[in-house]
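Participant: Pasted the sequence and its predicted model underneath.
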Amino acid sequence: MTSENLITAGMTGLEEVAHDILSLRTLFVNVVFIGEQGSRNWVLVDTGMARFTDHIVRIAAERFQGPPSAIILTHGHFDHVGTVIELEQFWGVPVFAHPLELPYLTGLKDYPPADPSVGGGLMARLSFAYPNEAINLDDRIFSLPEDHTIPGMPGWQWVHTPGHTPGHVSLFREEDRILIAGDAIISVKQESLWSVLLQDQQMHGPPAYFTTDWDEAHRSVHTIRRLEPRVAVTGHGHSLTGDFLRDSLEQLDLDFEQNAVPDHGKYVD
């Protein structure tokens with residue numbers, strides 16, 4: 001078995017969220033395929049960890065007829081753009097992100113480094129080693145439309161949910177109130193390796209070690225709560241639904257300072 005096969009074996013998971021939404025876990029972060037099975041019209045949201053290009057391409061080929069119409073990025077952290085350059089080159093499709101995220105996707109500006117002092121577990125303590133450098137998509141990356149529509153995704157709108165990054169967006173379909181949350185909210189304690197390995201389902205704020213503006217992050221949680229989603233597909237962990245989603249989202253919003261913001265850290269203090 002090759003090293004890439006060893007990486008993908010047992011470290012990916014598929015979740016059918018809706019008839020036209022498939023979530024794929026790449027190591028510890030999700031990518032989302034949006035489109036009817038067998039369709040020629042579909043979109044990929046985020047591109048996961050590096051070295052999963054072949055895996056994503058294979059699933060796309062099994063599910064759809066042809067390449068996506070676009071790749072949409074919720075934000076540009078390394079674990080959400082790990083295969084974007086390879087996929088864009090392979091499929092030859094445009095990539096879209098919020099304009100405030102473009103400097104990090106065109107080589108102009110690096111993200112602030114991760115903060116391992118936030119605590120919470122081994123994933124946080126190891127975050128000093130996580131890449132924070134910008135990638136360069138050059139003229140292949142475009143701003144999301146100002147009217148909040150999303151190319152290739154009729155019926156969806158993008159919602160600015162900053163805090164984790166300045167240009168973080170979530171995607172929302174009002175018809176069935178499905179939310180693609182990115183890292184604005186997540187359903188696993190991402191700071192803890194044990195929780196990540198178990199995929200222990202619980203509501204959390206954004207990964208603490210990479211979140212730089214906690215006031216904005218709280219406002220984004222409040223924004224999401226006001227959307228009243230019935231299903232939330234998060235960047236980390238399993239999707240959340242129904243009363244559990246509603247109640248845990250309300251609790252996160254009301255107790256954000258106590259339950260989401262670290263007790264200490266350079267982006268807290």
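Facilitator: Received the coordinates, thanks.
Participant: At which residues are the helices of the chain located?
Facilitator: 3-8, 53-63, 84-91, 102-105, 122-125, 193-198, 214-227, 242-254, 256-259 (DSSP state H).
Participant: Identify the residues contacting the residue nearest to residue 240 when sequence neighbours are not counted.
Facilitator: Computed as Cβ to Cβ, 6 or more residues apart in numbering, the closest residue to residue 240 that is not its neighbour in sequence is residue 232, at 4.6 Å. To be clear about C-beta, it is placed using only N, CA and C from the backbone, and glycine gets the same treatment. Neighbouring residues of residue 232 by Cβ atoms under 8 Å, 6 or more residues apart in numbering: 178, 179, 181, 185, 187, 224, 239, 240, 241, 245, 249.
Participant: Could you report the pLDDT at residue 232?
Facilitator: pLDDT recorded at residue 232 is 98.
Participant: Check residue 3 too.
Facilitator: For residue 3, pLDDT reads 35.
Participant: what do you get for residue 237?
Facilitator: You'll see residue 237 listed with a pLDDT of 95.
Participant: can you tell me how far it sits from residue 200?
Facilitator: 8 Å (Cβ to Cβ, to the nearest Å).
Participant: Looking at the two, which has the bigger crowd around it?
Facilitator: residue 237 (27 against 14; other Cβ atoms under 10 Å).
Participant: So what sits opposite the nearest residue to residue 180 once chain neighbours are set aside in the bridge?
Facilitator: In this structure, residue 180 finds its nearest non-sequential neighbour in residue 171, 4.0 Å apart by Cβ to Cβ, 6+ apart. Beta-bridge partners of residue 171, counted by DSSP bridges, are residue 158, residue 180.
Participant: can I assume residue 171 is in contact with residue 179?
Facilitator: Yes: if you go by Cβ atoms under 8 Å, residue 171 and residue 179 touch, sitting 7.2 Å apart.
Participant: where along the stretch 51-200 of the chain do the strands fall?
Facilitator: 70-72, 95-97, 141-143, 156-160, 169-173, 178-182 (DSSP state E, counting those that start in this stretch).
Participant: Looking at these, which is nearest to residue 15?
Facilitator: strand 178-182 (12.8 Å; Cβ to Cβ).
Participant: Check which helices and strands that closest one sits against.
Facilitator: strand 169-173, helix 214-227, strand 231-234 (3 or more Cβ pairs under 8 Å, 6 or more residues apart in numbering; DSSP states H and E).
Participant: That one to helix 214-227, inter-axis angle?
Facilitator: 170 degrees (axes from the mean of the first three to the mean of the last three Cα atoms, to 10 degrees).
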